[in-house]
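# Got a predicted structure here, sequence first:
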Amino acid sequence: MKAYFLIFLLAPFLASAFLFLLPKLKESTVKGITLLCLILPIISLALALGYFWQDGAFEQSIYTWHFGHEVFEVCFFVNELGLVMAGLTAFLSIIVGRFSSFYLHRDPGFQRFFRIILLFVFGMYLLSFAGTPDIFFAGWELVGFSSFLLIGFYRKQNRPVQNALRVFIVYRICDVGLLMSSVLAHILWHGANRFIVLANLTPHDIHAISPGLFLIVGALTIFASIGKSAQFPFFNWPARAIEGPTPSSAIFYGALSIHCGVFLLIRTYSLWGHVPSLRIVVGAIGILTAFLASGTGRIQANIKGQIAYASVAQIGLMYFELSLGFTHFVLLHMTLHCLLRCYQFLVSPSIISEYTKLHKYEASQNRGFPFESFLPKKLTYGLYMLAINEGGVEFSERGGWFLSATEATRILRTALKNQWAKYLLLPIVTFGLFYAFHSSVQNSVMYALQTLCLALIFETTISQEDALKTWIQMGLSICTIVLLLHIKFGPHVEGMYLYLLGIGPSLLVGTWSLWRAGKTSLFGFSCKIEKSEWNALLFLIACVGVGGLPLSISFIGEDVLLSSLLSSDIYLLFIVGTAIMLSGIVSFRIYAKVFLGRSTT
């Protein structure tokens, strides 16, 4: 009976699919559908709150797929944390939806904007009420995917597309932490990896299983959270993510999306909160981020940049509070911060009014003694230069500590294009290393071939050659890696065929789409979306399948496949997991370079 509360949570997803399938509709129609489907989930939240008030925290299992010894369960968990996050999502999405209907009036991308916002809201509801790490990861990925689309909303300009791709790469790299921690949870609890179980873990339970594994799971979870919540060393991407429309900045990087990392740490507190070393790491990251973001925000020349860094600094303080164990206080802090930053972003276009208010406030504050007046001049200048360089993070990203970015990329590209090193030296070295440890020719050959395929996929991440050639190389390499598992383990690796069933058709569709687009170099942007928007949309769907994002068969296949490999071979788990992560980056990089941006030809 309690499962009925989930029905209205599907409304945003159904509305997004409806706006996706139908041609361009009138603005009034789009506005009506959007607001209706943003209001309907309130019914579900009211039902969930009633059940929670009556029975306390509860979970509801919907369906379970069995793949040999592995399972994939659709399960939802309702407690006070999920209700708060879902309530914030419902309230702020209605406000932003209403605001956007006026803000984007007569914008060519009006319908596209609401299609993406509805998908994001559905991802937030999945994330809020997820009962297992698998469902949580699905919502997590939907939030990242919709973020990529909205940062690059102005898709015929180079800078928004570049920043969207940059943020997506950060998300994708850090998502490996959440994916691997989910896989480890499968093994630790033998399929019973539900959040209702994790919430009740004690230090005794940790030592009863394996403190070392708990340390790894906790570290991976923290790594995933710092990417989504923009903590050190990834704290500088929100200032670049504000390239999208102001309403998307409000709900993404001021209110909901940027707090997902904090939500993850609260949800999984029992996994890392009982390990003192991890709590120290979380606190140190928070304090360092708060310090650097506060300084960087003070020298920003635009109001949205100031708000973005102020949000990052506050989230750094939340990390510090979590390290002290103040989970309920952090929940209150997060709620109030979401409301404040959403308001600030929404009013930021009223630049003249806000500019006047800001300077009046600063004038009133400067009547006293600013803290800089107590510092030596050289230290003040040093802090100023540190803020301009974003704590050295931007400097290191460009290769400033060692090599210039251009030189480092050139060296890497030259090394990967060296055919002798790639096809002969790398396999021989890998074979020799594994033969020395395993004394097995068959296994060593397997490892050497899969390492070669991984190197070929890595080469495609920096390729500037023909897009179709790069796509085919990436697709064949990842399929070869998975098919080699069949040679080693036979049909006993669960999820292998399901994963291939997901990426196989996607690779074919993507190949056909790139062939239709014509010969295109990845050196610059080509903006092929001007010639055929449907072809670009078809390739985007192929990217979702190849990248293993939610709503694709490959998403379930990769989860089951990695869970199966964890109990078989750690090195193969690393190879396959890295290949899946890189394939997502490569596919979306090709999409951005071929179909988006401003054409240079």
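It's in. Numbers count the residues shown, from 1 in each chain.

# From here on, just use CA atoms for contacts and neighbour counts.
Will do.

# Pull up the per-residue confidence for the nearest residue to Trp272 once chain neighbours are set aside.
Leaving aside its chain neighbours, Trp272 sits nearest to Gly218 (4.7 Å; criterion: Cα to Cα, 6 or more residues apart in numbering). Listed pLDDT for Gly218 reads 86.

# who's in contact with Gly218?
Residues near Gly218 by Cα atoms under 8 Å, 6 or more residues apart in numbering: 181, 271-272, 278.

# just checking, what packs against the helix or strand hosting Ile62?
Counting by DSSP states H and E, the element that carries Ile62 is strand 58-67. Applying 3 or more Cα pairs under 8 Å, 6 or more residues apart in numbering; DSSP states H and E, one finds that strand 58-67 makes contact with strand 70-78.

# which residues touch the strand it packs on?
So strand 70-78 is contacted by 48, 52, 57-66, 129-132, 134-135, 191, 195-196, 494, 556, 560, 563-564 (Cα under 8 Å, 6+ apart).

# Between strand 70-78 and the next helix or strand after it, find me the angle.
Per DSSP H and E, the first helix or strand lying C-terminal to strand 70-78 is helix 80-103. Going by axes from the mean of the first three to the mean of the last three Cα atoms, to 10 degrees, helix 80-103 is angled at 80 degrees with respect to strand 70-78.

# Need the residues that contact helix 80-103.
With Cα under 8 Å, 6+ apart, helix 80-103 has contacts from 31, 34-35, 38-39, 41-42, 45, 48-49, 57, 114, 121, 124-125, 128-129, 247, 250-251, 256, 267, 331, 335, 339, 342.

# Name the next helix or strand downstream of that helix, please.
Downstream of helix 80-103, the first helix or strand assigned by DSSP H and E is helix 110-129.

# Using CSV, write out every CA atom in that next one.
The C-alpha trace of helix 110-129 is given here as CSV (Å, rounded to 0.1, in the frame of the first residue of the first chain):
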residue,chain,number,x,y,z
PHE,A,110,12.2,27.5,-23.9
GLN,A,111,10.8,23.9,-24.2
ARG,A,112,14.3,22.4,-24.1
PHE,A,113,15.0,24.2,-20.8
PHE,A,114,11.9,22.8,-19.1
ARG,A,115,12.6,19.4,-20.5
ILE,A,116,16.0,19.3,-18.8
ILE,A,117,14.7,20.9,-15.5
LEU,A,118,12.0,18.2,-15.2
LEU,A,119,14.6,15.5,-15.7
PHE,A,120,16.8,17.1,-13.0
VAL,A,121,13.9,17.2,-10.6
PHE,A,122,13.2,13.5,-11.2
GLY,A,123,16.8,12.7,-10.5
MET,A,124,16.7,14.6,-7.2
TYR,A,125,13.6,12.7,-6.1
LEU,A,126,15.4,9.4,-7.0
LEU,A,127,18.4,10.6,-5.0
SER,A,128,16.3,11.7,-2.0
PHE,A,129,14.3,8.5,-1.6
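
# Report the angle between it and strand 58-67.
Angle, helix 110-129 to strand 58-67, by the same axes, to 10 degrees: 100 degrees.

# Tell me the helix or strand right after helix 110-129.
In N-to-C order, the element after helix 110-129 by DSSP H and E is helix 133-151.

# that older thread, are any of the contacts of helix 80-103 buried, and if so which?
With burial judged by 16 or more other Cα atoms under 10 Å, the buried subset of these is 31, 34-35, 38-39, 41-42, 45, 48-49, 57, 114, 121, 124-125, 128-129, 247, 250-251, 256, 267, 331, 335, 339, 342.

# Now for the chain: which helix has the highest residue count?
Scanning the chain for the longest helix, with DSSP state H as the assignment, gives helix 158-188.

# Point out where the stretch 301-450 of the chain drops to low pLDDT.
The stretch 301-450 of the chain contains residues with pLDDT under 70 at 350-375, 378, 381, 384, 389-443.

# mind running it again at 90?
Along the stretch 301-450 of the chain, segments meeting pLDDT under 90 span 301-308, 341-450.

# By mean pLDDT, flag the weakest helix or strand of the chain.
None of the helices or strands of the chain scores lower by mean pLDDT, DSSP states H and E than helix 419-420, at a mean of 50.

# The nearest residue to Gln111 once chain neighbours are set aside: neighbour count?
Counting by Cα to Cα, 6+ apart, Val30 is the residue found nearest to Gln111 once chain neighbours are left out, at 6.4 Å. When neighbours are defined as other Cα atoms under 10 Å, Val30 has 19 of them.

# cool, Gly227 as well?
By other Cα under 10 Å, the residues close to Gly227 number 26.

# next helix or strand past the helix or strand hosting it?
Taking DSSP H and E as the criterion, Gly227 maps to helix 211-228. Sequence order places helix 238-241 as the next helix or strand after helix 211-228, per DSSP H and E.

# tell me which strands and helices that next one is in contact with?
helix 158-188, helix 303-323.

# Return the shortest one as PDB; C-alpha atoms alone will do.
Output in PDB follows, covering the C-alpha atoms of helix 303-323 (Å, rounded to 0.1, in the frame of the first residue of the first chain):
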ATOM      1  CA  ILE A 303      27.800  38.900  -8.600                       C
ATOM      2  CA  LYS A 304      27.100  35.400  -9.800                       C
ATOM      3  CA  GLY A 305      30.700  34.400  -9.300                       C
ATOM      4  CA  GLN A 306      30.600  35.900  -5.800                       C
ATOM      5  CA  ILE A 307      27.500  33.900  -4.900                       C
ATOM      6  CA  ALA A 308      29.000  30.700  -6.400                       C
ATOM      7  CA  TYR A 309      32.200  30.900  -4.300                       C
ATOM      8  CA  ALA A 310      30.100  31.900  -1.200                       C
ATOM      9  CA  SER A 311      28.100  28.700  -1.700                       C
ATOM     10  CA  VAL A 312      31.300  26.600  -1.900                       C
ATOM     11  CA  ALA A 313      32.700  28.300   1.300                       C
ATOM     12  CA  GLN A 314      29.500  27.500   3.200                       C
ATOM     13  CA  ILE A 315      29.500  23.900   2.000                       C
ATOM     14  CA  GLY A 316      33.100  23.700   3.200                       C
ATOM     15  CA  LEU A 317      31.900  24.700   6.700                       C
ATOM     16  CA  MET A 318      29.200  21.900   6.400                       C
ATOM     17  CA  TYR A 319      32.000  19.400   5.800                       C
ATOM     18  CA  PHE A 320      33.800  20.600   8.900                       C
ATOM     19  CA  GLU A 321      30.500  20.300  10.900                       C
ATOM     20  CA  LEU A 322      30.000  16.800   9.600                       C
ATOM     21  CA  SER A 323      33.500  15.900  10.700                       C
END
